[in-house]
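> One predicted model, sequence on top.
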Amino acid sequence: MALTPPLEHLSFQTLFNALAEAILLVDESGCIIMANTALHRMLGYEEGSINGRFINALIPVFNPTQHLIDTASPNGKSKPYKITALSQDGRELYTSAHIQRLATDDKPLLLITLDRRSHAEELLRLTQERFDLAKRAGGLGVYDRDLTSNQLFWDDRSRELWGLDADEEITYDKFEDCIHPDDRPSRSKDLRHALDPRNNGEYHTEFRIKRKNDGAECWIASSGKISFIAGKPVRLAGFMRDITEHKLIESQSHKRRDETEALLKQQIAIQTASAIAHEINQPLTAISAYSEVALHSMNSNNTNSDSLRRALEGCVVQAQRAGDSLHELLNFLRQNEMAAEPTDINRLVKTCIDIAKRDGYGGFNPELDLEKGIPSVMCNPLQIQKVILNLVRNAIEAIRSTDITAKISIKASTHSAKNMAQITVQDNGPGFDQDAARHIFEPFFTTKPNGIGMGLAISRSLVESNGGNLWLEQNTGTGATIHFTLPFVR
């Protein structure tokens, strides 16, 4: 036998709170008689705390008298209209209200229903407006790629960046065909990094493209986020922007900086040479004078042994004076050298690659072969950083004089015979011929049009001052290979 629920025990408040819509019951003066649980939650109030307040505390623009007139029609309803409600913490909630007149024996009441869906739709609309404004301000193009089917969605700005018509079909093959061949490996590497679930799906890359409509070369920066399902990448959504002007300014800035740096090095070399010349000029002059006396004495028929001895002794003294002056000058130049410290050579190599890319030496493919668990080396990290950066920059500049894609390999390993760390920088550039290889470490010898020939000489000196050696391996094929060693921490 079915049991009849005890309806007589159900209160109006219980039924009121059971409704999913946010509802208010207001009298003709605007005083809130009752508000259900959904409305308390929507506006962030504690249960029952709204009852007894005036409606204008929640909905500032509200006229109960006018709404009683508007809802005096036979059906007792007014059309929905947009309002702004205030939450307990003062936030504005954009929603719509449905108002219904309830006739009672004592006085009419208004039943107000707030549409939470319209609030969400309004928030979505405002968010979309702000997003569109940000897109226009930043010149951003939005894209979405289905990684399972390789289908692409591009907005109008993305198509404009690539020189595509608004109705032209975009495929992944068309996308890759527009990318500069030299930049495809690095972009693919960045994408593989993002596709690995261990890297949180973050995708950032920069590459050149050839616009389809006019053939112009442009730089594109792209960032996005990979979505995964069960550990498998399924979607890539992100944005792209044109950074051609930024790259041009960056290139010009680096060119000016390199010119300034070269000029500074040249001035340092000039001042150093002037200081050396000043310190040894007087001893050399004295040696020349004593030598003339000795020669004159030897050429004469009556050679005076005492005079000859004094002349030769003077030469010795002045030569020693010249040597002492040079040692004092070198000690002065070295007095600001920084102390050595235990250094993770693998981390230092990675830092140098990041610096080289930030300094405008991007567009090359660094291949790192770093021995895992290699012991720390004892060196001055700033000095060795200068050495690695100089070798990398030399390699990049040499390769850029050709038409090939720059590939640079940096290897860090243990030199078992010497029990030291060995770092190798190898490139695929033109390398050195036999004559250049014999003089490459000599000061002021250079193969660059604008070089001063001090980079490799200074690099060798820095490595040697840190207890290692630096040398060139003459390759049988193309490219140059330079090694240097550093002592492990004892």
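Happy to help now that I have it. Numbers count the residues shown, from 1 in each chain.
> Tell me which stretches of the stretch 1-150 of the chain form helices.
Assigned by DSSP state H, counting those that start in this stretch, the helices in the stretch 1-150 of the chain fall at 12-18, 37-43, 64-70, 116-138.
> Confirm that Asp354 sits in a helix.
Yes - counting by DSSP: H, G, I helix; E, B strand; the rest coil, Asp354 is part of a helix.
> ok, it - contacts?
Asp354 makes contact with no residue under the criterion C-beta atoms under 8 Å, 6 or more residues apart in numbering. In this view, the C-beta of every residue, glycine as well, is placed from N, C-alpha and C.
> Gly224 versus that one, what's the distance?
Distance of Asp354 to Gly224, computed by C-beta to C-beta, to the nearest Å: 21 Å.
> got it, and Leu462?
To Gly224, Leu462 is 42 Å away according to C-beta to C-beta.
> go on, Lys357?
Plainly put, Lys357 is 20 Å away from Gly224 if you go by C-beta to C-beta.
> who does Pro153 bridge with?
Just to correct that, residue 153 is Phe rather than Pro. Going by DSSP bridges, Phe153 is paired in beta bridges with Asp144.
> In this structure it contacts Asp144, no?
Yes - at 4.3 Å, Phe153 counts as touching Asp144 under the criterion of C-beta atoms under 8 Å.
> Mind checking which of these two has more residues around it?
For Phe153 versus Asp144, neighbours defined as other C-beta atoms under 10 Å are more numerous around Asp144 (15 against 12).
> I'd like to check which residues are in contact with that one.
152-153, 235-237.
> In TSV: those, plus pLDDT and distance to Leu109.
Shown next, in TSV, are the contacts of Asp144 (pLDDT from 0 to 100; distance: C-beta to C-beta, whole Å):
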residue	pLDDT	distance to Leu109
Leu152	87	57
Phe153	88	51
Arg235	91	51
Leu236	91	55
Ala237	89	50
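> Going by distance to His40, which of those residues wins?
Closest to His40 out of the contacts of Asp144 is Ala237 (36.9 Å), distances taken as C-beta to C-beta.
> Pretty sure the closest one sits against Ser227.
Yes - Ala237 lies in contact with Ser227 (C-beta under 8 Å); the separation is 7.3 Å.
> Tell me the helix or strand right after the helix or strand hosting Ser288.
Element membership for Ser288 (DSSP states H and E) is helix 244-299. Note on helix 244-299: by DSSP H and E, the next helix or strand toward the C-terminus is helix 305-334.
> tell me what that next one is packed against?
If contacts are counted by 3 or more C-beta pairs under 8 Å, 6 or more residues apart in numbering; DSSP states H and E, helix 305-334 sits against helix 244-299.
> Check the offset of the helix it packs on from the chain's centre.
Centroid separation for helix 244-299 versus its chain: 39 Å, with C-alpha atoms, centre = their mean, to the nearest Å.
> do the same with stretch 426-442
For stretch 426-442, the separation from the chain centroid amounts to 33 Å (computed by C-alpha atoms, centre = their mean).
> now stretch 414-428
Per C-alpha atoms, centre = their mean, the centroid offset for stretch 414-428 relative to its chain is 30 Å.
> again, but for stretch 44-52
For stretch 44-52, the separation from the chain centroid amounts to 50 Å (computed by C-alpha atoms, centre = their mean).
> got the buried residues for that stretch?
Buried residues in stretch 44-52, defined by neighbour count with 16 or more other C-beta atoms under 10 Å: 45, 50.
> Other residues contacting it?
24, 31-35, 37, 39-40, 43, 58, 87-89.
> Now the residues you listed in JSON lines, please, with extra columns for neighbour count.
Compiled in JSON lines, those are given as follows (neighbours: other C-beta atoms under 10 Å):
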{"residue": "Leu24", "neighbour count": "23"}
{"residue": "Cys31", "neighbour count": "14"}
{"residue": "Ile32", "neighbour count": "19"}
{"residue": "Ile33", "neighbour count": "12"}
{"residue": "Met34", "neighbour count": "19"}
{"residue": "Ala35", "neighbour count": "27"}
{"residue": "Thr37", "neighbour count": "17"}
{"residue": "Leu39", "neighbour count": "25"}
{"residue": "His40", "neighbour count": "19"}
{"residue": "Leu43", "neighbour count": "20"}
{"residue": "Leu58", "neighbour count": "24"}
{"residue": "Ser87", "neighbour count": "13"}
{"residue": "Gln88", "neighbour count": "13"}
{"residue": "Asp89", "neighbour count": "7"}
